[in-house]
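*Asks:* Curious how this folds, go ahead:
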Amino acid sequence: MELDWTYFFSLFSMGAFYRASAMVIALGSLSWLFGLVLGFGLAQADASRLPWLRWPARAYIWFFRSVPLLVLLVFVYNLPQIFPATGVVLGIPFLAGLVGMVMTEAAYMAEIHRGGLLSVVKGQREAAHALGLGWFATQVRIVLPQAFRIALPSLINEFVTIIKLTSLVSVISLPELLLTGQRLYTQNFLILETLLAVAVYYVAIVTVFGAVLGALERRLDLARRQPEALAEPALAGLRQG
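*Replies:* This next block holds a predicted model:
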């Protein structure tokens with residue numbers, strides 16, 4: 001049996017797939033951003049000298065790195081059965097999927113951030129304290145810029161992973177790319193053609209956003225920057241000073 005290429009190419013003019021692609025981008029991007037912020041907080045708590053901060057953070061990271069995302073998504077979506085008040089939020093498939101993915105991604109992001117924070121030389125923190133900078137100023141001006149640059153390749157890779165993991169939210173009836181394809185091939189039985197088109201959509205999304213984040217990585221790479229000579233007006237001002 002040969003593939004129906006006419007049907008395959010027709011899927012790239014179908015509005016349902018473009019709406020599903022927008023759903024994947026929105027869900028993946030929000031999960032990545034919220035996970036990035038929450039993961040940094042967990043990494044800071046994990047590195048804290050205070051046991052009441054360190055041990056809960058480590059327990060959270062251990063637990064949510066151990067639970068499969070598919071299990072967590074189904075659990076979160078059905079949580080209103082136990083706590084009806086949560087149905088206002090978790091009864092919406094997009095929000096339930098977002099909560100489940102952020103809970104998992106925060107744990108993975110915490111480990112990425114922890115590696116970036118540990119890579120910053122301890123002497124730089126000590127030098128900042130010697131200059132009179134407080135903890136917050138040291139983090140914002142010295143530690144975070146360096147740690148973010150170091151962790152950025154891993155963070156970009158995690159974004160790619162998150163985009164692919166959005167396919168799991170099909171189990172809670174969120175119409176992303178995989179579920180959209182499944183609904184089609186259950187009607188026409190053209191399984192391979194439909195799944196091939198779904199794969200192309202995912203590859204296109206990952207390629208575009210990977211290129212954007214890769215450009216950001218290159219822009220932040222200090223090794224690629226070339227020293228620039230001062231313009232004549234700037235030199236004149238230095239001479240006068």
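*Asks:* so residue 132, which of the three states?
*Replies:* coil (DSSP: H, G, I helix; E, B strand; the rest coil).
*Asks:* what's the neighbour count on it?
*Replies:* Applying other CB atoms under 10 Å, we find 7 residues neighbouring residue 132. Yep, even glycine has a C-beta here, placed from its N, CA and C like the rest.
*Asks:* Residue 214 now?
*Replies:* 13.
*Asks:* now residue 68
*Replies:* 10.
*Asks:* what ranges of the protein fall below the confidence cut-off?
*Replies:* Within the chain, the stretches with pLDDT under 70 are 1, 121, 221-241.
*Asks:* Quick check: phi and psi at residue 145.
*Replies:* phi -60, psi -40 (degrees, to the nearest 10).
*Asks:* what separates it from residue 117, distance-wise?
*Replies:* 12 Å (CB to CB, to the nearest Å).
*Asks:* and those two? which has more neighbours close in?
*Replies:* Higher neighbour count among residue 145 and residue 117: residue 117, with 21 against 14, using other CB under 10 Å.
*Asks:* For the more buried one, give me its contacts.
*Replies:* Neighbouring residues of residue 117 by CB atoms under 8 Å, 6 or more residues apart in numbering: 43, 44, 47, 143, 147.
*Asks:* try residue 83
*Replies:* Here residue 83 is in contact with no residue (CB under 8 Å, 6+ apart).
*Asks:* right, and residue 32 touches residue 159 too?
*Replies:* Yes. With contacts defined as CB atoms under 8 Å, residue 32 counts as touching residue 159 at a distance of 5.0 Å.
*Asks:* And the residue most central in space within the chain, how far from residue 89?
*Replies:* Geometric centre of the chain, nearest residue: residue 32, 2.3 Å, by CA atoms, centre = their mean. The gap separating residue 32 from residue 89 is 20 Å, by CB to CB.
*Asks:* Quick check: nearest residue in space to residue 156, chain neighbours excluded?
*Replies:* residue 213 (4.5 Å; CB to CB, 6 or more residues apart in numbering).
*Asks:* What are the buried residues along the helix or strand hosting that neighbour?
*Replies:* In the assignment (DSSP states H and E), residue 213 maps to helix 191-220. By neighbour count with 16 or more other CB atoms under 10 Å, helix 191-220 contains the buried residues 193, 194, 197, 198, 201, 202, 205, 206, 209, 213.
*Asks:* measure residue 77 to residue 176 for me?
*Replies:* Plainly put, residue 77 is 14 Å away from residue 176 if you go by CB to CB.
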